[in-house]
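>>> give me a 3D structure for the following:
(chains A and B)
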Amino acid sequence: MAFSDAVPKTIKQGTLGGRSLSARQGRIGSNWTVLVLFLPPALLLFTLFVVIPILQAGWYSFFDWNGYGRPDHFVGMRNYLLLLKQHAFRTALTNNVLIIVVSLVVQLPLALWLATLLAQRIRGAVAFRMIFFLPYVLAEIAAGMIWRFVYDGDYGLVASLAHGLGFQSVYLLADRNLAMYAIIVVIVWKYFGFHMMLYIAGLQSIDRSYYEAAEIDGATRGQMFRRITLPLLKPTIVLTVFFSVIGSMQLFDLIMPMTRGGPSDSTQTMVTYLYSYGITRMRIGFGSAVGVTLFLICVIFAFGYKKAFMRNE
Amino acid sequence: MLKSLGRRRAVRTLAHVGAIAGMLAGTLMVSTAALADTTVHWLHLEQNPPIVAYWRQVADEYEKAHPGVKIDMQYLENEAYKAKLTTLLQSKSAPDIIYSWGGGVLDEQIKAGVIKDITADVDKSYSDQFNPTFWTAFNRDGKQWGIPHLASEVAFFYNKPLMQKAGVDPTTIKTWDDFLAAVKKIKAAGITPIIAGGADKWPLHFYWSDLALRIGGEQAFKDAMAGKGDGFASQTFVKAGEMMKQLTDLQPFQPGYLGATAPDAYGQFGDGKGAMELMGDWLYTSQKSGAANGKGISDADLGMMEFPAVKNGAGKPTDTLGGVNGWLVTKNAPPETVDFLKFFVTLDHERYMANHGFFIPVMKGASDEMQNPIYKKIADDLTHSTYHQIFYDQFLGPNVGRVVNDVTTDLASGATTPKEAAQAVQDAWAMEH
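So this is what the prediction gives:
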């Protein structure tokens, strides 16, 4: 235990030494002009495109408004109450939770496992890294369309497989009970490479001498993984979990080309729900309420998580 | 060292700012130069290249006859258009001419004051050339808000060889019961009776609205809109759901229909994967372009029949379901805009488009020379229509319309009951009115 506690501290000292801190302070003091010149554009853009829209959405969410003219029909909390009553919204919320759970339980361990294999300097590791990373490079819409073809019950890969094995063709994306799982497979396929890359980077920064020392002490592979790899990789794992959760909550463009949230809303997520029930129905007030809810969930998670796990980053 | 770096950066930033300012000034000059002429921005959703080419040709003719006026055609994809329109109409760069399906969305646009009242620009000699049903689709409280351009009808299209193979004579299908019997017979013959694009939902809402139209007629729909009785939860709409369920219980659609989009379904029908499809007349062209061989079902093999009647229904068999689509002029459009539209929608042009099978015209006599038997039949149906019901999902407005699409798709897949479906539509309607 003491071993794993001590290591991160020494690493931290190396990067955040006292010298660099004081140098930074000096820089801020002497470069007022740079600050005055460079802060306003960023601050202005941030205010204009982030802060103001958030406040506006909060304001609109109290109105019954179709987006034309000014909102004038104040309805108080009605949009939020409607939201809670909506079956489709509950499905969307459940789906989001499901995606998060699968991301954490399947996707990240898979990525970590592959990373431990591919972080070593073995033949072909680079090629495999590339192959596993490829899905992440693909645009979401393109990936969604490709998988729509794969899942197609008439012409797709799944159909040929089923026929080849002598089964009736299945229409995964048309089935209320299966469509969401079909999509989750795509999500895992699409993003595990990204997390794998982060893990590889994390693994490669671990000093080999720890493993050598452990080997001399007679540690098994499992012990090394639990006592050296995991603790030293903790900052990376904390980060990937964060990306994973926030990414799952914002999932939209992968689903639209595959199912658009259907059949019968069974594959809605919060954002596809917002799009189909807010924007395409010209219910901007209601959509804003969805947006605000999503925003609150994300903010609470982000700050809570940061406070709990990322205090030292 | 640090200081000089900062200064150098500052200089570079200033240089960038200067460059951007220069570019801005350049754009401003270009746009003032363009203002000397008038440009009419025309936003359309047409994907079919020959149609777009013909429209461009008409626009070129107008430009030639009116020096100084430019017609700028802009294209947006259907769903993207619907999603963007609200924002687009309120921006400074709103297009001058926009596409419209009339109905509830038009009402919202009028209420918001983003559409121009063109009553004064269209005199009686112009409006009299239109079939009154279609002209008044863009009329609200005696004011004219748009110019209709094309009409459509929803009907059953069928694949003659497949029907023959199943031993079904489509000409004998007169009532819903006949239709159900035919579906059973086709299915028994090992053929998929009906193709549907369930992922897009609206193709399935045709069944519910057509049935309601046959059961309750014009009156039931008007009563529901006026909030009389139980509104959309009334007997007519519950019964429409029950009769739709009679059909869907037979599992008449192609496997995986809930995952198929409307264009997927056009292609499947064109490929002969099913015997029938309930669709608007545009299926005639889309099944050809969507088919795997690019040809689809030939004219000789393609048949069409009106939606069957319902026993003891209040609706007439001559009542039609479909759309009337046209063009609206936005609030800040230049005065030349309406002039161009009147140049664009004329008997000659309508006739040309009808004769080339582009679509069903809305002006009197424009369909007289139509050669295509299917289009001719649809044009006749529409001319003699006793009541033309505009698509529910357009007419009831963007929100209630989508609720109709949702619940009818759920009805088809068994996710809801006829009663719940009708009630959901009524709840959505009541909340807005």
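
>>> only C-alpha atoms for contact and neighbour calcs from this point on.
Will do.

>>> distance of the residue lying closest to residue A:173 once chain neighbours are set aside from residue A:54?
Ranked by Cα to Cα, 6 or more residues apart in numbering or on different chains and with sequence neighbours excluded, the top spatial neighbour of residue A:173 is residue A:179, at 4.5 Å. As for residue A:179, its distance to residue A:54 is 33 Å (criterion: Cα to Cα, to the nearest Å).

>>> pull the distance from stretch B:358-366 to the chain's centre.
Mean-position distance between stretch B:358-366 and its chain equals 16 Å (Cα atoms, centre = their mean, to the nearest Å).

>>> equivalent analysis for stretch A:126-144, please.
Centroid separation between stretch A:126-144 and its chain, computed with Cα atoms, centre = their mean, is 16 Å.

>>> could you pull up the mean pLDDT of that stretch?
Average pLDDT, stretch A:126-144: 93.

>>> check stretch A:184-198 too.
For stretch A:184-198, mean pLDDT rounds to 95.

>>> which positions in that stretch come out as buried?
A:184, A:186-198 (16 or more other Cα atoms under 10 Å in any protein chain shown).

>>> got it, and stretch A:73-88?
Counting neighbours by 16+ other Cα under 10 Å, the buried set in stretch A:73-88 is A:78-80, A:83, A:88.

>>> now, these that are in strands?
If you go by DSSP state E, those have nothing in strands.

>>> so which of those residues belong to helices?
Under the assignment DSSP state H, the buried residues of stretch A:73-88 contribute A:78-80, A:83, A:88 to helices.

>>> what residues does the stretch 101-250 of chain A put near chain B?
For the stretch 101-250 of chain A, the residues found near chain B under the criterion Cα under 8 Å from any Cα of the partner chain are A:153, A:170-171, A:173-175.

>>> ok, and the most crowded of the residues you listed?
Among these, the one with the most neighbours (other Cα atoms under 10 Å in any protein chain shown) is residue A:173, at 29 neighbours.

>>> average pLDDT for whichever strand or helix holds residue B:409?
Per DSSP states H and E, residue B:409 falls inside helix B:397-413. Helix B:397-413 shows a mean pLDDT of 92.

>>> what about residue A:179 and residue A:54, which has more around it?
Taking neighbours as other Cα under 10 Å, residue A:179 and residue A:54 compare with residue A:179 leading, 22 against 17.

>>> tell me the pLDDT of that one.
Per-residue pLDDT puts residue A:179 at 93.

>>> check residue A:4 too.
42.

>>> got it, and the one 10 residues further on?
Here, the pLDDT recorded for residue A:14 equals 41.

>>> now do residue B:13
As predicted, residue B:13 sits at a pLDDT of 46.

>>> and residue A:304, how many neighbours does it have?
Neighbour count of residue A:304, defined by other Cα under 10 Å: 12.

>>> what comes up buried for the helix or strand where it lies?
Under the criterion of DSSP H and E, residue A:304 resides in helix A:284-309. Buried residues in helix A:284-309, counted by 16+ other Cα under 10 Å: A:284-294, A:298, A:302, A:306.

>>> and the closest residue to chain A within the stretch 101-250 of chain B, what does it touch?
Closest residue of the stretch 101-250 of chain B to chain A, Cα to the nearest Cα: residue B:112 (5.5 Å). Residues near residue B:112 by Cα atoms under 8 Å, 6 or more residues apart in numbering or on different chains: A:68-69.

>>> immediately after the single longest strand found in chain B, which helix or strand?
Longest strand in chain B, counting residues (DSSP E): strand B:146-159. Using DSSP H and E, the helix or strand that follows strand B:146-159 towards the C-terminus is helix B:160-166.

>>> contact partners of that following helix?
Outside helix B:160-166, the residues touching it (Cα under 8 Å, 6+ apart) are B:169-170, B:185-186, B:189, B:191, B:272, B:274-275, B:301-303.

>>> mind putting those into a markdown table with distance to residue B:427, neighbour count and secondary structure?
Below are these laid out as a markdown table (distance: Cα to Cα, whole Å; neighbours: other Cα atoms under 10 Å in any protein chain shown; DSSP: H, G, I helix; E, B strand; the rest coil):
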| residue | distance to residue B:427 | neighbour count | secondary structure |
| --- | --- | --- | --- |
| B:169 | 41 | 11 | coil |
| B:170 | 38 | 17 | helix |
| B:185 | 38 | 17 | helix |
| B:186 | 38 | 24 | helix |
| B:189 | 42 | 15 | coil |
| B:191 | 39 | 20 | coil |
| B:272 | 40 | 20 | coil |
| B:274 | 36 | 25 | coil |
| B:275 | 36 | 26 | coil |
| B:301 | 44 | 12 | coil |
| B:302 | 40 | 17 | strand |
| B:303 | 39 | 21 | strand |
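
>>> any low-confidence regions in the stretch 151-300 of chain A?
Applying pLDDT under 70 to the stretch 151-300 of chain A flags no residue at all.

>>> any idea how far the residue of it found nearest chain B is from residue A:269?
Closest approach between the stretch 151-300 of chain A and chain B, counting by Cα to the nearest Cα: residue A:174, at 4.1 Å. Per Cα to Cα, residue A:174 is found 17 Å from residue A:269.

>>> quick one, what contacts residue B:82?
Residues near residue B:82 by Cα under 8 Å, 6+ apart: residue A:280.

>>> just the element for it, please.
helix B:78-89.

>>> let me know the secondary structure of residue B:304.
strand (DSSP: H, G, I helix; E, B strand; the rest coil).

>>> before we move on, what about residue A:163?
Classification of residue A:163 using three-state DSSP returns helix.

>>> now the residue positioned nearest the centre of chain A: how far from residue A:43?
Nearest to the geometric centre of chain A sits residue A:247, at 2.1 Å (Cα atoms, centre = their mean). According to Cα to Cα, residue A:247 and residue A:43 sit 25 Å apart.

>>> also residue A:230?
In this view, residue A:230 and residue A:43 are 39 Å apart by Cα to Cα.

>>> report the buried residues of stretch A:208-220.
Of the residues in stretch A:208-220, A:211, A:214 count as buried by neighbour count, 16+ other Cα under 10 Å.

>>> now do stretch B:60-70
Buried-residue list, stretch B:60-70, by 16+ other Cα under 10 Å: B:62, B:69-70.

>>> ok, stretch B:346-361 next?
By neighbour count with 16+ other Cα under 10 Å, stretch B:346-361 contains the buried residues B:346-347, B:349-355, B:357-361.

>>> that one: end-to-end distance?
10 Å.

>>> so which residues make contact with that stretch?
Residues from elsewhere that reach stretch B:346-361, judged by Cα under 8 Å, 6+ apart: B:51, B:129, B:149-152, B:281-282, B:362-364, B:366-367, B:369-372, B:375, B:378-379.

>>> swap in stretch A:68-78?
For stretch A:68-78, the external contacting residues (Cα under 8 Å, 6+ apart) are A:60, A:62-65, B:86, B:90, B:108-109, B:112.

>>> so what's residue B:214 up against?
Counting by Cα under 8 Å, 6+ apart, residue B:214 touches B:309-310, B:313-317, B:319.

>>> any chance of TSV for those residues, columns pLDDT?
Listed next are these as TSV, based on pLDDT from 0 to 100:
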residue	pLDDT
B:309	95
B:310	95
B:313	94
B:314	94
B:315	94
B:316	92
B:317	90
B:319	94
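
>>> just the buried members of those residues?
B:309-310, B:313-317, B:319.

>>> and the helices in the stretch 201-313 of chain A?
A:208-216, A:221-224, A:230-249, A:255-258, A:270-274, A:284-309 (DSSP state H, counting those that start in this stretch).

>>> what's the nearest residue to the closest residue to chain A within the stretch 201-350 of chain B if we skip its chain neighbours?
The stretch 201-350 of chain B approaches chain A most closely through residue B:259 (4.1 Å), counting by Cα to the nearest Cα. Counting by Cα to Cα, 6+ apart, residue B:259 lies nearest to residue A:174, which is 4.1 Å off, once chain neighbours are set aside.
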